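Undergrad: The following block contains a protein sequence and its predicted model.
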Amino acid sequence: MQKRAARVAARFATFLAVTTLLSACVARGPFIPASLAPGARTSVELDSTPFFPQKRYQCGPAALASVLVASDVVTTPEALAPVVYIPARKGSLQVEMQAAPRKFERLSYLLSPNMDSILAELDAGRPVLVLHNYGLPMLPRWHYAVVIGYDSARDRFILRSGVKRRDEWRARTFMVAWHQAHRWAMVVLRPGEIPVIADPRLYLQAAADFEHGASPENARLAFDAAVRRWPSEAVAWIGRGTAQYRAGKLAEASQDYAAALRVDASNAGARNNLAQTLLELGCPRRAREQLASVDFASLQSPLREAMTDTRIHVDAAVSQTSADNPVCVIP
Amino acid sequence: MRLSPWRKTSIAILSVAILNMGLAGAAQAAIVDTSALVTTDREADLGTVRAQLDRAEVRAKFQDMGVDATAVDQRVARLNDRELHQLAVDMQNAPAGGDVVWIIGVVFIVLIILELTGVIDIFKKT
C-alpha cells in the first residue's frame, strides 16, 4: 500500500515537473520585440550584404570581408587572411578584427551588449559582425558571423555564416550563442557615421584610434559627426580641431580648440593645442595668454612635457617679434 | 590707419613667413594627440615603456603562431598601445573565431534546450 502511494507520488512529481517545463516554455513570448520604437520596422533583411563562404577556420576573414564590402571597401577574404588570421590559433582574434577596418579608412565600433543595439544597426542598414560561442567557457567553439536581418513575427535572426549564404536562427538560440561569447558585436562605420545607439566615450575612443592612420579629411568627418551629436564633449571638438590642424587649416583648428575650452575650460590638451596653433598662426601673444592660466605642476606627465615645450616656443616667439600677426583674432 | 585688403594680405603672408623663419624648430608641432586625451590610462609614462615591451612580445608571438613574416610588421603597426597590451597578455587564450558552425558542442545543445524550456534564463533583465 505504501509502495503504491510512493509510486503515485513519484508520478505526480514527474507530471508536475514536465508541466512546469512545458508551461514555462509556452509562457515565453517571442524574443525579438515586435518593434523597437513606435513606427519602427518589424523585419529587416540587408539582402545586398555580400557573402563570402568561409574556408576552413577562416570565418574571421570571410565575415570581416562581408561587413567591409558592405561599407564600400574593395577587399576579399583572401586579402584579409594575412591581416587577421592566425594559423596556430586556427582563427582570428577580436582585437585584430577590430583593428582591421582602420587599414581601409573605416572605423570599428563595439556595440553595447544588448539586442536593441543590434536591431537598431540593422534598421539603419548596417550589418553587424558578431562572435558566437557554441561551447562553454571550458570548451569554447568560437565563430564569427554577420547578422543581416531579423523577423520579429517569426522571432528569427538572419545571418551570413560559415558556408551558408542565408542562415536563419531562432532568436533565443542566437542569444545563447552570443551571450556565451560575452555579447561581442561590431559594426564598421564610414567616416562620419555613428551607431544609432552609441556611447560618446566609446565612439570618441574609436575615432581617436581611427585618427592615427586616417587621412585628415576622414578624421575630420569622424569627429565632425561627434561634434554634431555630442556638442558638449570637449574631445569631439579637439579631435575635429586636430584634423583641421593636420589639413593645414589652422584658423579652423584654433576655433575648434577654443570651442573645446568653452565646454571644458580645464582641458589642458585643448589649451596646449590652441596655444600651439596660435603660435603657428603668428600669434604668440595670444598663445601666451592661453598658457598663462595653466598650472603646470598639476599636469600628468606626457601632457606636462608637451605644454612646457609649447611654452618655451611661445616665449621665444614673443621675444623675437614685436607684435602678433595683424590677422590674429581671438577665437 | 586703414589698410587696403591687398596690403593686409601681404602683411599677413609676410608675417607668417618671417615667423616661420624664426621658428624653424617650432614647426615640429607639439600638438597633443586626441588619443592621448581620451585614454583613461593615467600611467602614460609607464605606458610608453610597456608598449615597447608589448610590441616586442606580440611580434614574437605572431611569428611563433605561424603568421607570415612579411605581414607581422604591418599587423603590429596597426595596433595601438591598448590593443598591443591586450594581445601581449592573452594571445594564447583569447577567443579565436574560426571553425564552421555545424560542429556544435554537446554542452551547447543541452544549454539551448535548458534555455528554450525555461529551466535556466541567462537573459534576465538586469
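TA: Received it, and whenever you're ready, just let me know what you need.
Undergrad: When you work out contacts or count neighbours from here on, use the C-alpha atoms and nothing else.
TA: Will do.
Undergrad: pull the longest helix from chain B.
TA: Ranked by residue count and defined by DSSP state H, the top helix of chain B is helix B:44-64.
Undergrad: so what secondary structure elements neighbour that one?
TA: helix A:301-320, helix B:69-78, helix B:81-90 (3 or more CA pairs under 8 Å, 6 or more residues apart in numbering or on different chains; DSSP states H and E).
Undergrad: okay, these in TSV with distance to A:I118, mean neighbour count and mean pLDDT next?
TA: Below are those laid out as TSV (distance: least, CA to CA, whole Å; neighbours: other CA atoms under 10 Å in any protein chain shown; pLDDT from 0 to 100):
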stretch	distance to A:I118	mean neighbour count	mean pLDDT
helix A:301-320	38	18	91
helix B:69-78	27	15	93
helix B:81-90	24	18	91
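Undergrad: okay, those helices in JSON lines with distance to A:K55 next?
TA: Shown next, in JSON lines, are the helices and strands packed on helix B:44-64 (distance: least, CA to CA, whole Å):
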{"stretch": "helix A:301-320", "distance to A:K55": "46"}
{"stretch": "helix B:69-78", "distance to A:K55": "20"}
{"stretch": "helix B:81-90", "distance to A:K55": "24"}
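Undergrad: out of those, nearest to B:F108?
TA: Closest to B:F108 of those, according to CA to CA: helix B:81-90, at 24.4 Å.
Undergrad: Can you name the next helix or strand after the closest one?
TA: Tracing the chain C-terminally past helix B:81-90 and defining elements by DSSP states H and E, one meets strand B:96-97 next.
Undergrad: quick one, helices of the stretch 101-250 of chain A?
TA: A:115-123, A:171-179, A:200-213, A:216-229, A:234-246, A:250-263 (DSSP state H, counting those that start in this stretch).
Undergrad: rank the ones you listed by pLDDT, which is bottom?
TA: Among these, helix A:171-179 has the lowest mean pLDDT, at a mean of 90.
Undergrad: was I right about B:R78 contacting A:A99?
TA: Yes: counting by CA atoms under 8 Å, B:R78 touches A:A99, with 6.7 Å between them.
Undergrad: circling back to that earlier point, what mean pLDDT does the longest helix of chain B have?
TA: 83.
Undergrad: now B:R55, nearest residue through space, not along the chain?
TA: Ranked by CA to CA, 6 or more residues apart in numbering or on different chains and with sequence neighbours excluded, the top spatial neighbour of B:R55 is B:L84, at 6.2 Å.
Undergrad: wait, what's in contact with that neighbour?
TA: B:51, B:54-55, B:58, B:76 (CA atoms under 8 Å, 6 or more residues apart in numbering or on different chains).
Undergrad: With distance to A:D72 as extra columns, can I get these in TSV?
TA: TSV is the format used below for those (distance: CA to CA, whole Å):
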residue	distance to A:D72
B:A51	33
B:D54	33
B:R55	31
B:V58	31
B:V76	25
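Undergrad: So, low pLDDT: which residues of the stretch 51-200 of chain A?
TA: For the stretch 51-200 of chain A, applying pLDDT under 70 flags the ranges A:137.
Undergrad: Go again with 90.
TA: A:55-57, A:134-141, A:153, A:172-173, A:176, A:180 (pLDDT under 90).
Undergrad: which parts of it sit against chain B?
TA: A:54, A:56-60, A:82-83, A:85-96, A:99-100, A:102-103, A:131-132, A:134-136, A:141-144, A:161-163, A:172-173, A:176 (CA under 8 Å from any CA of the partner chain).
Undergrad: out of those, which are buried?
TA: Buried members of these, counted by 16 or more other CA atoms under 10 Å in any protein chain shown: A:54, A:57-60, A:82-83, A:85-87, A:89-96, A:99-100, A:102, A:131-132, A:134-136, A:141-144, A:161-163, A:172-173, A:176.
Undergrad: A:P33 belongs to a strand?
TA: No: read with DSSP: H, G, I helix; E, B strand; the rest coil, A:P33 is coil and lies in no strand.
Undergrad: what residues are up against it?
TA: By CA under 8 Å, 6+ apart, the contact list for A:P33 reads A:S152.
Undergrad: what's near enough to touch the residue nearest to B:L87 when sequence neighbours are not counted?
TA: Leaving aside its sequence neighbours, B:L87 sits nearest to B:V58 (CA to CA, 6+ apart; 6.5 Å). B:V58 makes contact with B:76, B:84, B:87-88 under the criterion CA under 8 Å, 6+ apart.
Undergrad: okay if I get those residues as a markdown table plus distance to A:A219?
TA: Shown next, in a markdown table, are the contacts of B:V58 (distance: CA to CA, whole Å):
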| residue | distance to A:A219 |
| --- | --- |
| B:V76 | 22 |
| B:L84 | 22 |
| B:L87 | 26 |
| B:A88 | 28 |
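Undergrad: from those residues, which is closest to A:G239?
TA: Nearest to A:G239 among the contacts of B:V58, with distances taken as CA to CA, is B:L84, at 22.7 Å.
Undergrad: Among the residues of the stretch 51-200 of chain A next to chain B, which are located in strands?
TA: In strands, defined here by DSSP state E, the members of these are A:85-86, A:91-93, A:131-132, A:142-144, A:161.
Undergrad: Those residues: which two are farthest apart?
TA: Once CA to CA is applied, these give A:I86 and A:S161 as the farthest pair, at 19.5 Å.
Undergrad: Now do the residue nearest to A:S232 when sequence neighbours are not counted against A:W230, distance only.
TA: Nearest residue to A:S232, sequence neighbours excluded (CA to CA, 6+ apart): A:V263, at 5.9 Å. Look at A:V263 and A:W230: by CA to CA, to the nearest Å, they are 11 Å apart.
Undergrad: So which bits of stretch B:115-126 are buried?
TA: Those would be B:115-118, for stretch B:115-126 by 16+ other CA under 10 Å.
Undergrad: okay, it in CSV with CA atoms only?
TA: In CSV, the C-alpha atoms belonging to stretch B:115-126 read as follows (Å, rounded to 0.1, in the frame of the first residue of the first chain):
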residue,chain,number,x,y,z
GLU,B,115,17.2,27.8,-22.1
LEU,B,116,14.3,27.1,-24.5
THR,B,117,12.4,25.2,-21.9
GLY,B,118,12.9,27.9,-19.4
VAL,B,119,14.8,25.8,-16.8
ILE,B,120,17.5,28.5,-17.0
ASP,B,121,17.2,32.1,-18.0
ILE,B,122,20.5,33.7,-18.9
PHE,B,123,18.9,36.8,-20.2
LYS,B,124,17.3,38.0,-17.0
LYS,B,125,16.8,41.7,-17.4
THR,B,126,19.3,43.3,-15.1
